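Trainee: any chance you can model this:
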Amino acid sequence: MKIICPDGNGYAYYVQAVDESRYIRARGVETFIVKAGDYWNGPEGSDAANFRERCEARVTTEDAIGSTWRYQFHLQIPQGYPEYSPKQTLGQWHNGTYDTVFNRYEEGVFTICLNNKEAGSFVEYQTPLNKGVWNTFVYTFTWHASLGAIAASVNGRTVVKETGIPLVPATTQSMHFKYGIYRNMRAGLVGPVQEASYRLVSRAAG
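Mentor: Numbers count the residues shown, from 1 in each chain. I've put the predicted structure just below:
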């Protein structure tokens, strides 16, 4: 189901969730919960067909290619967050076909990943993520097929700084942001209940 939300700070969005119990918005904090079999678009939808479980905010305000944008948010996962494989995605920037930049969390390891399948490029940058407290993320992107740039910091420490790179595929028309929890599963695999909270999510022209 779609949960329609008020406009965010510099963006409009809705939440992709199996039902309203998976998304909690209170006192400026958004909490996303995923349980086994959470296929937001139903048992006949694409998520079920590919064993993709999620509760995610889908930002409908998109970034034009050639533009520069700054994103910021605070992320907290509980102290008792279940460590688990396969990967969980805690924030992704999507080119309409797949995620170009995404935050991967798997078995206690957090990485920021740059993914350009057309260029045959996949690079990941590992960074600490502290459980039970708010972690501050800041990203600045210039979306471009050959002259792209990204700067990313976590808790005030620069993790990624790249310029003049093929950040997006040449066919990309625009980029959009998603945040919450998304996990890639496989047939017969039963995942634990997981949750992540976000606050002060913002999008602004760079």
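Trainee: in contact with G8, which residues?
Mentor: 59, 201-203 (C-beta atoms under 8 Å, 6 or more residues apart in numbering). All C-beta spots, glycine's among them, are computed from the backbone N, C-alpha and C.
Trainee: tell me, what residue is most central in this protein?
Mentor: Centroid-nearest residue in the chain, with C-alpha atoms, centre = their mean: G91, separated by 1.4 Å.
Trainee: and the pLDDT at that one?
Mentor: Looking at G91, its pLDDT is 98.
Trainee: run through who's touching whatever helix or strand it lives in.
Mentor: Per DSSP states H and E: G91 is located in strand 88-94. Applying C-beta under 8 Å, 6+ apart, the contact partners of strand 88-94 are 73, 75, 77, 99-106, 110, 137, 141, 175-184, 194, 196.
Trainee: picking that back up, how about the contacts of G8, which pair is most distant?
Mentor: V59 and S202 (11.2 Å; C-beta to C-beta).
Trainee: neighbour count winner among those two?
Mentor: Neighbours were counted for V59 and for S202 using other C-beta atoms under 10 Å; V59 has more, 23 against 13.
Trainee: so the more buried one touches G10, yeah?
Mentor: No - when contacts are counted by C-beta atoms under 8 Å, V59 is not listed as touching G10 (9.4 Å).
Trainee: helices of the chain, start to end?
Mentor: 46-50 (DSSP state H).
Trainee: low-confidence bits of the chain, can you list those?
Mentor: In the prediction, the chain carries no residues with pLDDT under 70.
Trainee: run the last query once more with 90
Mentor: Per-residue confidence for the chain (pLDDT under 90) gives these ranges: 6-7, 206.
Trainee: any residues in contact with both of V59 and G10?
Mentor: Both V59 and G10 are in contact with R203, where contact means C-beta under 8 Å, 6+ apart.
Trainee: any of the contacts of strand 88-94 buried? List them.
Mentor: 73, 75, 77, 99-105, 110, 137, 141, 175-183, 194, 196 (16 or more other C-beta atoms under 10 Å).
Trainee: inside strands: which ones of those?
Mentor: 73, 75, 99-105, 110, 137, 141, 175-183, 194, 196 (DSSP state E).
Trainee: once you drop chain neighbours, what's closest to A119?
Mentor: Computed as C-beta to C-beta, 6 or more residues apart in numbering, the closest residue to A119 that is not its neighbour in sequence is P166, at 4.6 Å.
Trainee: now the one you found: how far from A196?
Mentor: Counting by C-beta to C-beta, to the nearest Å, the gap from P166 to A196 is 30 Å.
Trainee: again, but for P169
Mentor: Counting by C-beta to C-beta, the separation of P169 from A196 is 28 Å.
Trainee: give me the phi and psi for the residue lying farthest from the centre of the chain.
Mentor: The centre of the chain is farthest from one residue, G188, which by C-alpha atoms, centre = their mean lies 24.9 Å away. Main-chain dihedrals, G188, degrees, to the nearest 10: phi 90, psi -10.
Trainee: buried set for stretch 121-138?
Mentor: 125, 127, 129, 135, 137-138.
Trainee: wait, which of those residues is closest to Q16?
Mentor: Using C-beta to C-beta, the buried residues of stretch 121-138 come closest to Q16 at F137, 20.7 Å.
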